[in-house]
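Peer 1: Sequence first, predicted coordinates after that:
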Amino acid sequence: MVTDSGNASARRTARRIAGRLNAPLPALVESEFDGTPRVVNRQLVVLVREEWRVVDRWWTEEPVDRRYFEVVLESGQNICVYRDREEGCWFTQNA
Amino acid sequence: MIACLLIPGFELRAALRSRPGLSLVPAALAPDPSEEPLLGPVTAAADVVGVKPGMRLGEALATCPSLVLVDRDPASVEQAWEEVLRRLEDTGFAVDPVEHGVVVFETHGVERLYGGVRPALERALAAVGSSWDPRIGAAGRRFTALAAASVARPGQILLVAQKEEESFLEPLPLSLLPLTGERYAELEGLGLRSIGELAELPAGAVAERLGADGRKAWRLARGGRSAKVRGRKPVAELAEVLVFPEAVGNELTLRRALGSLLERLLARPERAGRPFRKLAMSARLVDGGSWRRAVTLRDATAEVARLRVALGPKLQELPAPILELRLEAVEVAEHTGQQLALVEPAGEEVSGRLREGLRQVRASTGTGSVCSVVEVAPWSRIPETRALVVPRDE
């Protein structure tokens, strides 16, 4: 008789699934009182280049309500972040 | 339904087949010398005295000084696993092996043949045989089936109806999720114990705290995505064995033996002129253990000289003299020859190389590893819905 937790097996599941390209990644963002990002992933925002909103699929069970910002960080990196108003958290994404 | 057949501690069970007496005493699979000294699966007798899989070797020996360490036997494991898969395939299931001891298959195609899901799964259990203590979990989704098999008793078939999947997963421990030890400890620190507790949290909060791994775990905690199971292509047995009258460790003799095996393998009529894409060499060591190495060729070939160059250096990795050398064709290419053109069209060589490269990647890492980007809604305002990454297995 042999025993094993079997957990290692369960960890390697769902190997072959078609994935989404450019999926949003969670970001650590501190924002100003007006909602614009001040610090993104522990780097100061030097410039907010652009801002836009995406409101879509409000008729479905998975509505999209995002406020995007294209910002320049102190390292010179150009990055897009958005606040998901449905989930109440921040993500980075190539918009 | 998607079914998952699980044989816990498969590597230890396969290694103990030649020493059945050890299954009744405290024994564990020895750690791999090239990795951290952590124990593999353990016998029930070892479990009773407090030795657990994944325990540090020093701690395990302090807990149970009489613990027997069983050497890894990769060749026997591979052979035994192939036997199990073939028995399932002979019963009519298109299997998708996940790892040694875990295989997933779809029951849809054989349900009518056997008179329902349960009779079909009973056939699968009977085909594998009770000596392996297999258990089966079946559900609408892959992860739920795997979780069901993980909690089933030996010989049990655990069916989870689609409506009950969420409530079934709820009380199960978080350790079933594909999380690193660090993340698992972090969740425990937050007071989370069960899959249900994680599933109740908002997706955004989990993603923010745990990143991409956390999102994946959260999705699985809610049952995971429903993806179809794609069975492997059944492989034809193409192997040659050379048994030595006494132990051989001399490299020259080994190379000659390899040359002889190659010639015998190339002469097999089942090959039908097709070149080899992937080969595996295995050996039975003089001290009772075994050794195995697989080689994926850059170009599928049937030239003895090139095959010798690819396989020969592996013989230097043998840890001890051997009693038996086995050469097996794991994958054989589909084409029988290469038709050369007098003048190749522009770009043909580059695209040919690309196709060949992709075939090599697929051969060494398995189906689903090569993907292509498909634009589905390039006009969408939501960036992640514009394109999908789709497995390309043609």
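Peer 2: Looks like it came in fine. Residues are numbered from 1 along each chain as shown, chains lettered A, B, ... in the order given.
Peer 1: what about the strands in chain A?
Peer 2: With DSSP state E as the criterion, chain A has strands at A:2-3, A:19-20, A:25-26, A:29-31, A:37-40, A:43-56, A:64-73, A:78-84, A:89-92.
Peer 1: I'd like to know which of those is closest to B:Ser66.
Peer 2: Proximity to B:Ser66 (Cβ to Cβ) singles out strand A:2-3 among these, at 17.5 Å. From N, CA and C alone the C-beta is placed, and that goes for glycine too.
Peer 1: hmm, back to that, mind putting the strands of chain A in TSV, distance to B:Ala147 included?
Peer 2: Converted to TSV, these look like this (distance: least, Cβ to Cβ, whole Å):
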stretch	distance to B:Ala147
strand A:2-3	18
strand A:19-20	22
strand A:25-26	26
strand A:29-31	35
strand A:37-40	37
strand A:43-56	34
strand A:64-73	31
strand A:78-84	29
strand A:89-92	28
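Peer 1: possible to save these as CSV with mean neighbour count?
Peer 2: What follows is the strands of chain A, written out as CSV (neighbours: other Cβ atoms under 10 Å in any protein chain shown):
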stretch, mean neighbour count
strand A:2-3, 22
strand A:19-20, 14
strand A:25-26, 18
strand A:29-31, 17
strand A:37-40, 18
strand A:43-56, 14
strand A:64-73, 19
strand A:78-84, 19
strand A:89-92, 21
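Peer 1: Which one of the residues in the stretch 251-394 of chain B is closest to chain A?
Peer 2: Nearest residue of the stretch 251-394 of chain B to chain A (Cβ to the nearest Cβ) works out as B:Gly368 at 3.2 Å.
Peer 1: Can you classify that residue by secondary structure?
Peer 2: coil (DSSP: H, G, I helix; E, B strand; the rest coil).
Peer 1: Report the separation between it and B:Pro391.
Peer 2: Plainly put, B:Gly368 is 4 Å away from B:Pro391 if you go by Cβ to Cβ, to the nearest Å.
Peer 1: Could you do B:Phe276 as well?
Peer 2: When Cβ to Cβ is applied, the distance between B:Phe276 and B:Pro391 equals 25 Å.
Peer 1: Could you check which of those two is surrounded by more residues?
Peer 2: With neighbours defined as other Cβ atoms under 10 Å in any protein chain shown, B:Phe276 and B:Pro391 compare such that B:Phe276 has more, 26 against 18.
Peer 1: Quick one: end-to-end distance for stretch B:156-173.
Peer 2: The first and final residues of stretch B:156-173 sit 20 Å from each other (Cα to Cα, to the nearest Å).
Peer 1: List the buried residues in it.
Peer 2: B:Ile157, B:Leu158, B:Leu159, B:Val160, B:Glu165, B:Glu166, B:Phe168, B:Leu169, B:Leu172 (16 or more other Cβ atoms under 10 Å in any protein chain shown).
Peer 1: Now do the contacts for the second one.
Peer 2: Neighbour list for B:Leu158: B:Arg135, B:Ile136, B:Gly137, B:Ala138, B:Ala148, B:Ala149, B:Val151, B:Ala152 [criterion: Cβ atoms under 8 Å, 6 or more residues apart in numbering or on different chains].
Peer 1: same thing but at 10 Å, please
Peer 2: B:3-4, B:121, B:135-139, B:145, B:147-152, B:168 (Cβ atoms under 10 Å, 6 or more residues apart in numbering or on different chains).
Peer 1: What's the mean pLDDT across the one helix or strand B:Arg277 maps to?
Peer 2: Assigned by DSSP states H and E, B:Arg277 falls within strand B:276-285. In this model, strand B:276-285 carries a mean pLDDT of 88.
Peer 1: Can you name the element that comes right after it?
Peer 2: strand B:290-301.
Peer 1: Tell me how far that following strand lies from the chain's centre.
Peer 2: 17 Å (Cα atoms, centre = their mean, to the nearest Å).
Peer 1: Quick one: name whatever helix or strand follows that strand.
Peer 2: Downstream of strand B:290-301, the first helix or strand assigned by DSSP H and E is helix B:304-311.
Peer 1: The helix or strand harbouring B:Val373: which residues count as buried?
Peer 2: Using DSSP H and E, B:Val373 sits in strand B:371-375. For strand B:371-375, a neighbour-count test (16+ other Cβ under 10 Å) marks B:Cys371 as buried.
Peer 1: got any ranges where the chain has weak pLDDT?
Peer 2: Answering for chain A, as no chain was given. A:1-18 (pLDDT under 70).
Peer 1: think we crossed wires, I meant chain B
Peer 2: Applying pLDDT under 70 to chain B flags residues B:234-236, B:336-340, B:344, B:393-394.
Peer 1: For the strand holding B:Val373, which strands pair with it and how are they oriented?
Peer 2: When pairing is defined by DSSP bridges, strand B:371-375 lines up against strand B:387-391 (antiparallel).
Peer 1: Next, the buried residues of the partner strand.
Peer 2: Using 16+ other Cβ under 10 Å as the test for burial, strand B:387-391 gives B:Ala387, B:Leu388, B:Val389, B:Pro391.
Peer 1: residues in contact with residue 20?
Peer 2: By default, I'm working from chain A. B:Val376, B:Pro383, B:Glu384, B:Thr385, B:Arg386, B:Ala387, B:Leu388, B:Val389.
Peer 1: Wait, chain B was what I had in mind.
Peer 2: Contact analysis of B:Pro20 by Cβ under 10 Å, 6+ apart lists B:Ser131.
Peer 1: for the one 10 residues further on, same thing?
Peer 2: Going by Cβ under 10 Å, 6+ apart, B:Ala30 touches B:Leu12, B:Ala15, B:Pro37, B:Leu39, B:Gly40, B:Leu57, B:Val68, B:Leu69, B:Val70, B:Asp71, B:Arg72, B:Gly289.
Peer 1: before we move on, what about B:Ala346?
Peer 2: Counted by Cβ under 10 Å, 6+ apart, B:Ala346 has zero contacts.
Peer 1: pretty sure it is in a strand, no?
Peer 2: No: checked against three-state DSSP, B:Ala346 lies outside a strand; its state is coil.
Peer 1: most centrally placed residue in chain B?
Peer 2: Nearest residue to the geometric centre of chain B (Cα atoms, centre = their mean): B:Glu99, 2.3 Å.
Peer 1: can you redo the contacts of A:Arg20 as JSON lines with distance to B:Glu317?
Peer 2: Supplementary listing: the contacts of A:Arg20 in JSON lines, determined by distance: Cβ to Cβ, whole Å:
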{"residue": "B:Val376", "distance to B:Glu317": "47"}
{"residue": "B:Pro383", "distance to B:Glu317": "47"}
{"residue": "B:Glu384", "distance to B:Glu317": "45"}
{"residue": "B:Thr385", "distance to B:Glu317": "48"}
{"residue": "B:Arg386", "distance to B:Glu317": "47"}
{"residue": "B:Ala387", "distance to B:Glu317": "43"}
{"residue": "B:Leu388", "distance to B:Glu317": "41"}
{"residue": "B:Val389", "distance to B:Glu317": "36"}
